[in-house]
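Peer 1: Here is the input, now give the coordinates:
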Amino acid sequence: MFLQVNQLSKQFTTKQGPLAVLQDINLSIQAGEFVCAVGASGSGKSTLLRQIAGLDQPTSGEVRIAGNRVTSPGPDRGMVFQHYTLYPWMTVQQNTEFGLKLQGVSKKERRERASYFLQVVGLENFAKALPRELSGGMKQRVAIARSLVSEPTMLLMDEPFGALDVHTRETMHQFMRELWERTKVTVFMITHDIEEAVFLSDRIFTLANRPGRIQKELTINLPDRDRGIKRHQTFHGYCDEVKALLRTPIELV
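Peer 2: Here you go, the predicted structure:
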């Protein structure tokens, strides 16, 4: 397995005492998979993502990527957040290059790599634009290009389309699925949007909350992944199954 999360638990200290956010999380992802974790607010989705990113450490258990224990952030993991976090004074090209510049990559190489990934996300004609000149979906494409430009082995996505309007979000779903099929980067995404998870994922982990625990792992087999699939009975069947799980106490699953 490429990613392994083993017996991971996370507690925070509060004035009222220890607060258990995650409990005994076990999951694995193969290289090249697109996997989503779905849960309501309070299920610990973002906390789990931070453990995999190395931004925080578990109270117990571990995360391993390619056999190596995760103890800190690394260039092997690209992060995409809900909010675009673009530097408003930098052009699209400069924003995309920024991480490479911090890594000491030469000007020529970072320009070439950034230009390539802007072409991959369909923004090569906006390289000189500033973020204020872009739509929300375009800004998120820049954020994705910036994450991909370092050529990570894994892309971690924290509800990346949650701030977009419905039409733009659906467009980004199609874009993201096509991008993944083209690059085959391993993706782990958290979301509370059930239809989003079913459309994008190879597999879904549903999370119960207080504390966050895995209820079930679902494999998603759809005949295709264009927008029309959302009218398909099989698609709605998966959505209904996930909804039922999230309504069910974990003890009854």
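
Peer 1: Asn26 belongs to a helix?
Peer 2: No - Asn26 is assigned strand when assessed by DSSP: H, G, I helix; E, B strand; the rest coil, not a helix.

Peer 1: what about it, neighbour count?
Peer 2: For Asn26, the count of nearby residues is 14 (other C-beta atoms under 10 Å). Quick note: C-beta positions are derived from backbone N, CA and C, even for glycine.

Peer 1: which outside residues touch stretch 72-84?
Peer 2: Applying C-beta atoms under 8 Å, 6 or more residues apart in numbering, the contact partners of stretch 72-84 are 52-55, 65-66, 103, 131, 136, 139-140, 142-144, 147-148, 150, 152-163, 185.

Peer 1: Mind checking which of the residues you listed land in helices?
Peer 2: Taking DSSP state H as the definition of helices, these contribute Ile52, Ala53, Gly136, Lys139, Gln140, Val142, Ala143, Ile144, Ser147, Leu148.

Peer 1: What's the PyMOL line that selects buried ones from those residues?
Peer 2: This is the PyMOL syntax for the buried subset of these, where burial follows 16 or more other C-beta atoms under 10 Å:
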select buried, resi 52+53+139+140+142+143+144+147+148
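
Peer 1: Need the ones in helices among the contacts of stretch 72-84 in TSV (columns: pLDDT).
Peer 2: Shown next, in TSV, are the ones in helices among the contacts of stretch 72-84 (pLDDT from 0 to 100):
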residue	pLDDT
Ile52	96
Ala53	95
Gly136	90
Lys139	93
Gln140	91
Val142	94
Ala143	92
Ile144	93
Ser147	91
Leu148	92
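
Peer 1: just the ones in helices among the contacts of stretch 72-84 now: which is nearest Tyr116?
Peer 2: When the ones in helices among the contacts of stretch 72-84 are compared for distance to Tyr116 (C-beta to C-beta), Leu148 wins out at 9.4 Å.

Peer 1: For the stretch 1-150 of the chain, just list every one of the strands.
Peer 2: According to DSSP state E, counting those that start in this stretch, the stretch 1-150 of the chain carries its strands in the segments 3-14, 17-29, 34-38, 60-65, 68-69, 77-80.

Peer 1: Tell me the gap between the first one and the middle of its chain.
Peer 2: Average the C-alpha atoms of strand 3-14, do the same for its chain, and the two points are 18 Å apart (C-alpha atoms, centre = their mean, to the nearest Å).

Peer 1: and the angle from it to strand 17-29?
Peer 2: 170 degrees (axes from the mean of the first three to the mean of the last three C-alpha atoms, to 10 degrees).

Peer 1: For strand 3-14, give the mean pLDDT please.
Peer 2: In this model, strand 3-14 has an average pLDDT of 94.

Peer 1: Only alpha carbons, please: show it as CSV.
Peer 2: This file holds the C-alpha atoms of strand 3-14, laid out as CSV (Å, rounded to 0.1, in the frame of the first residue of the first chain):
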residue,chain,number,x,y,z
LEU,A,3,-0.6,5.2,2.2
GLN,A,4,-1.3,3.5,5.5
VAL,A,5,-3.0,5.0,8.6
ASN,A,6,-2.6,2.6,11.5
GLN,A,7,-4.6,2.8,14.8
LEU,A,8,-4.5,6.6,14.6
SER,A,9,-6.2,8.5,17.5
LYS,A,10,-6.0,12.2,18.2
GLN,A,11,-7.0,14.1,21.4
PHE,A,12,-6.9,17.8,22.2
THR,A,13,-6.5,19.3,25.7
THR,A,14,-9.4,21.6,26.6
